[in-house]
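**Student:** Sequence and predicted structure are below.
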Amino acid sequence: MSAEPKPSPARDKFHERMHSSHMYGLWELASQMTPNPQPKAIAYMWPWSELEPIIKASGEMVPVGEERRALQLFNPGLGGRWATTNNLIAAVQLLLPGEVARAHRHTPTAIRLIIEGSGAYTAVDGERVYMEPGDLILTPSWSWHDHGNETDKPIIWMDGLDIPLIASLDAMFFQFYSQAQVPTTRPANASKQLHGHTHLTPTWVKEKPRASPLLLYSWQQTREALDTLRAQEGSPHDGICLEYQHPQTGGPVMPTMSCKVQMLRPGERTRAHRHTGSAVYHIVQGEGETIIDGQRFSWNKGSIIAQPSWAVHEHANTSTKEDAVLFSINDTPVLESLGLYYEEEFTEGGGRQQVTSTFSSHP
Ligand SMILES: [Fe+2]
Ligand SMILES: [Fe+2]
């Protein structure tokens with residue numbers, strides 16, 4: 001161990017001079033080269049009991065104006081940054097009967113997971129995609145989109161976007177459309193008719209966009225898949241966990257964000273693991289707990305949980321009768337494509353072992 005250097009007024013003066021010229025010595029910054037990721041974002045939960053009254057009150061307090069009526073979930077560890085985890089933002093949005101959220105487009109990519117209400121729509125590039133609880137709806141980067149509710153009931157959904165990532169890349173672009181809504185140019189749910197057939201892809205469509213061309217992943221199909229797989233062993237870390245797939249490439253639905261759904265069967269508890277990349281979970285149904293870096297979050301339907309990169313986590317369904325289903329977004333595609341995805345699990349004896357990695361060797 002090196003001894004503390006002796007105080008030296010001359011050296012202090014040198015440092016002042018260096019800083020006033022906007023220079024820092026690497027010897028001052030060495031502690032920022034951490035041996036492993038040390039996110040500023042913390043593990044945090046917004047229980048539905050807290051989200052629901054606030055989102056409902058927002059309907060009385062705030063009109064749908066230029067912007068959406070969407071509550072952005074700020075991670076308490078990020079000092080007021082517009083972010084739920086380092087790279088992801090989650091929000092809860094309300095659209096009342098008769099309302100329209102005006103058309104715009106932006107480089108951040110968005111997904112919606114429908115929480116409550118039925119029959120409202122998100123229009124994406126001239127196609128109305130109708131919403132049912134549990135549906136996943138995509139809004140790829142730079143696609144025009146507006147939301148409309150022509151039903152007589154409010155609709156609530158979770159938004160998931162890569163805004164913090166796009167902001168840190170200084171690649172933010174945003175535009176309003178010239179009118180409140182983009183004219184409808186395609187039939188409702190057209191992308192589902194075209195691309196929504198598992199393993200059957202239309203041969204005449206030559207364009208393979210980076211984001212999935214399938215805009216609607218219906219809850220009915222998701223639920224059927226989970227049920228069909230019920231008897232499988234599943235993942236030791238995530239239970240019956242399915243990734244939503246780009247129908248033409250088999251890859252994640254968006255270049256920067258992947259979406260997953262996982263079923264924990266009654267009483268099921270997963271084994272702990274950790275990996276680079278962050279996630280935000282939304283509880284679709286059931287009750288249980290997620291332990292993140294030793295902190296226990298007891299959840300039920302509607303709750304939203306932020307999980308930072310490299311945090312050790314495990315999930316449990318605490319009901320002995322009902323399934324629990326968690327939907328989640330994550331930034332894994334970014335880490336994988338940059339060769340920065342690393343996952344490890346914990347063995348019975350308290351050791352660690354690599355599960356998968358896009359590193360060339362153990363970090
Ligand atoms: Fe938007
Ligand atoms: Fe995980």
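**Tutor:** Sure thing, it's come through. What you are looking at is a predicted structure, and each value in this text was computed from that prediction instead of being measured. Ligands and ions are numbered 1, 2, ... in the order given.

**Student:** Within its local environment, how many residues does R112 see?
**Tutor:** When neighbours are defined as other Cβ atoms under 10 Å, R112 has 23 of them. For the C-beta atoms, the positions are set from N, CA and C on the backbone; glycine is no exception.

**Student:** That one contacts P133, doesn't it?
**Tutor:** No. R112 lies out of contact with P133 (Cβ atoms under 8 Å); the separation is 11.6 Å.

**Student:** how near is the nearest residue to G126 once chain neighbours are set aside to R128?
**Tutor:** Among residues not flanking G126 along the chain, T185 sits closest, at 3.4 Å (Cβ to Cβ, 6 or more residues apart in numbering). When distance is defined by Cβ to Cβ, to the nearest Å, T185 is 10 Å away from R128.

**Student:** next one: V205
**Tutor:** Going from V205 to R128 by Cβ to Cβ gives 20 Å.

**Student:** Between the two, point out the one with more neighbours.
**Tutor:** R128 (23 against 12).

**Student:** In which helix or strand does that one reside?
**Tutor:** In this assignment (DSSP states H and E), R128 forms part of strand 127-130.

**Student:** mind listing what the following helix or strand past that strand pairs with, with the direction of each?
**Tutor:** Using DSSP H and E, the next helix or strand after strand 127-130 towards the C-terminus is strand 136-139. The strands beside strand 136-139 in its sheet (DSSP bridges) come out as strand 110-116 (antiparallel), strand 216-217 (antiparallel).

**Student:** Show me what the helix or strand following the first one is packed up against.
**Tutor:** It refers to strand 110-116. Sequence order places strand 121-124 as the next helix or strand after strand 110-116, per DSSP H and E. Contacts defined by 3 or more Cβ pairs under 8 Å, 6 or more residues apart in numbering; DSSP states H and E place strand 121-124 against strand 127-130, strand 136-139, strand 145-148.

**Student:** what packs against the last one?
**Tutor:** With contacts defined as 3+ Cβ pairs under 8 Å, 6+ apart, strand 145-148 has these neighbours: strand 89-95, strand 100-106, strand 121-124.

**Student:** and the closest residue to P202 other than its chain neighbours, what element?
**Tutor:** On the basis of Cβ to Cβ, 6+ apart, the spatially nearest residue to P202 that is not a chain neighbour turns out to be L194, at 5.8 Å. Using DSSP H and E, L194 falls within helix 190-195.

**Student:** and what of E16?
**Tutor:** helix 9-20.

**Student:** and if you look at T320?
**Tutor:** Counting by DSSP H and E, there is no helix or strand that carries T320.

**Student:** could I get the helices and strands packed on strand 121-124 as TSV with mean pLDDT and distance to L326?
**Tutor:** Formatted as TSV, those follow (pLDDT from 0 to 100; distance: least, Cβ to Cβ, whole Å):
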stretch	mean pLDDT	distance to L326
strand 127-130	98	23
strand 136-139	98	13
strand 145-148	97	25
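
**Student:** For the helix or strand that contains R223, C-alpha coordinates in CSV please.
**Tutor:** If you go by DSSP H and E, R223 is part of helix 219-228. C-alpha atoms of helix 219-228 as CSV (Å, rounded to 0.1, in the frame of the first residue of the first chain):
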residue,chain,number,x,y,z
TRP,A,219,-51.8,-10.8,-25.1
GLN,A,220,-54.0,-13.7,-26.3
GLN,A,221,-51.0,-15.2,-28.2
THR,A,222,-48.6,-14.5,-25.4
ARG,A,223,-50.8,-16.1,-22.8
GLU,A,224,-51.3,-19.2,-25.1
ALA,A,225,-47.6,-19.5,-25.5
LEU,A,226,-46.9,-19.3,-21.7
ASP,A,227,-49.7,-21.8,-21.0
THR,A,228,-48.3,-24.3,-23.7
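
**Student:** helices and strands around it, which ones?
**Tutor:** Judged by 3+ Cβ pairs under 8 Å, 6+ apart, helix 219-228 is in contact with strand 240-243, strand 258-264.

**Student:** again, only this time at 10 Å
**Tutor:** Counting contacts by 3 or more Cβ pairs under 10 Å, 6 or more residues apart in numbering; DSSP states H and E, helix 219-228 packs against strand 240-243, strand 258-264, strand 279-285, strand 324-330.

**Student:** Out of those, which is the most enclosed?
**Tutor:** strand 324-330 (a mean of 26; mean count of other Cβ atoms under 10 Å).

**Student:** Contact partners for P164?
**Tutor:** Applying Cβ atoms under 10 Å, 6 or more residues apart in numbering to P164 gives the contacts 41, 75, 78, 81-89, 108, 278, 331.
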